[in-house]
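[1] Just a sequence and a predicted model for now, questions to come.
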Amino acid sequence: MSSSLRCAPDEEEGQPDKCRCAPCSPARMWSSPTSLIILAIMVLNYIPFVIWSVQRGRHLGGVAVMLIIFHILLALVLLSWGHTSCTDPGTPPEQWQRQQAALAASGQVDLRVCRRSGLYKPPRSHYCSVTQRLTLNMDHFCPWVANTVGFYNRKFFLLFLLYTCTLICFTLIALVPQLPGLWTWALEASERGEWLPGILNVVVLVAMGVVDVLLLVLLVPFLFVHLRMVARNQTTIDGDRFPKYDVGTRRNFEQVFGARSIAWFVPLYMWGPNGDGIRWPCRPPEQDESADVSRASPTASPRQHAQRELPSQQPAEA
């Protein structure tokens with residue numbers, strides 16, 4: 001096996017590249033209208049929760065504190081969303097491609113090449129059929145951000161989910177005590193002809209609550225699934241096929257959020273993820289063997305465990 005495909009020891013881990021803007025493409029342009037749905041949901045929450053609460057003029061001190069927290073969370077959501085959408089998830093750099101070409105010219109034949117792009121393919125990279133790019137540590141293409149989630153923007157995608165769930169929870173919890181008053185105010189506003197005609201003010205208030213509850217039901221499990229994959233160093237595409245990359249929860253999170261935990265919850269690139277998306281440290285082979293033994297049937301006898309065959313080789317990466 002070539003040196004570029006082996007698990008990299010700690011001292012050979014690469015450094016993250018500079019933050020770059022994701023290039024535009026027709027596919028991204030076609031999926032961008034879905035972003036309008038996110039903006040519509042934000043407006044649907046902003047009007048009753050912020051504007052109507054201020055117009056009511058009740059408990060302005062508590063409302064002011066509530067609105068400060070709301071806008072901080074909203075800013076974190078927008079920053080995370082913007083960075084997920086605009087940050088280039090990463091492709092194999094030209095310098096690494098030249099190195100692989102030099103190895104191929106020297107007679108090395110075990111180099112992996114992407115059939116779709118024709119580029120040399122690092123471990124854990126996959127071709128995105130939507131953006132038509134070979135993406136480092138690709139997880140999936142997300143139409144809600146009109147971008148591929150990969151090595152350099154996966155942190156922002158997870159923070160987008162986290163802060164969206166936090167903002168919705170805060171909005172619902174803070175809105176419950178105000179709901180009777182807001183309901184009455186919306187009815188009176190309709191009678192005065194303010195904002196929307198007829199009962200549409202009440203419809204907006206009800207729609208906000210229904211949409212927020214549905215989003216929580218969908219997003220909270222989705223967030224936990226992705227956090228679990230990060231903890232195990234997995235992706236949506238790879239699943240659990242490559243346990244060798246699981247080097248411990250802390251180091252797994254560092255490969256997504258960065259080596260400095262102070263930046264984990266900040267939706268800015270800062271120092272970037274830990275690594276370069278090409279060289280991946282692996283746990284020692286004996287840990288893979290012990291993991292295989294632990295997955296054996298608990299009803300098997302010790303003698304049966306001792307007679308188990310040696311673990312087969314790791315499956316080839318797609």
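    Ah, there it is.

[2] Do you know the pLDDT at residue 281?
    In the prediction, the pLDDT value recorded for residue 281 is 93.

[3] Give the next helix or strand downstream of the biggest helix by length in the chain.
    With DSSP state H setting the assignment, residue counts place helix 200-231 as the longest helix in the chain. Counting by DSSP states H and E, the next helix or strand C-terminal to helix 200-231 is helix 249-257.

[4] Quick one: mean pLDDT for that next one?
    Mean pLDDT, helix 249-257: 96.

[5] average model confidence for stretch 214-222?
    Along stretch 214-222, the predicted confidence averages to a pLDDT of 96.

[6] buried set for it?
    By 16 or more other Cβ atoms under 10 Å, the buried positions in stretch 214-222 come out as residue 219. Where you see a C-beta, it was placed from the backbone N, CA and C, and this is true even at glycine.

[7] chain center to it: distance?
    The gap between the average C-alpha position of stretch 214-222 and the chain average comes to 14 Å, counting by Cα atoms, centre = their mean, to the nearest Å.

[8] Ok, stretch 180-194 next?
    Using Cα atoms, centre = their mean, the distance from the centre of stretch 180-194 to the centre of the chain it belongs to is 40 Å.

[9] try stretch 21-39
    Stretch 21-39 has its average C-alpha position 17 Å from the chain's average C-alpha position, going by Cα atoms, centre = their mean.

[10] what's next to that stretch, contact-wise?
    Counting by Cβ atoms under 8 Å, 6 or more residues apart in numbering, stretch 21-39 makes contact with 81, 85-89, 130-132, 143-148, 153, all of which sit outside it.

[11] Can you pull out the low-pLDDT segments for the stretch 51-200 of the chain?
    Within the stretch 51-200 of the chain, the stretches with pLDDT under 70 are 57, 193, 196-198.

[12] where do the helices sit along the stretch 51-200 of the chain?
    Along the stretch 51-200 of the chain, the segments classed as helices by DSSP state H, counting those that start in this stretch run 53-56, 60-86, 94-105, 154-175, 179-192, 200-231.

[13] Which among these is found nearest to residue 40?
    Residue 40 sits nearest to helix 200-231 of all these, at 9.4 Å, using Cβ to Cβ.

[14] So which elements touch that closest one?
    In terms of contacts (3 or more Cβ pairs under 8 Å, 6 or more residues apart in numbering; DSSP states H and E), helix 200-231 is packed against helix 34-46, helix 154-175, helix 179-192, helix 249-257.

[15] can you pull the buried residues of it?
    Of the residues in helix 200-231, those scored as buried under the neighbour-count criterion (16+ other Cβ under 10 Å) are 201-202, 204-205, 208-209, 212, 219, 223, 226, 229-230.

[16] Check those residues for the minimum pLDDT and say which it is.
    Within the buried residues of helix 200-231, pLDDT reaches its minimum at residue 201, with 75.

[17] Please look at it and residue 184 and confirm they touch.
    No. Using Cβ atoms under 8 Å, residue 201 makes no contact with residue 184, being 11.0 Å away.

[18] Flag every buried residue along stretch 90-108.
    The neighbour-count criterion (16+ other Cβ under 10 Å) identifies 90-93, 96, 100, 103 as the buried residues of stretch 90-108.
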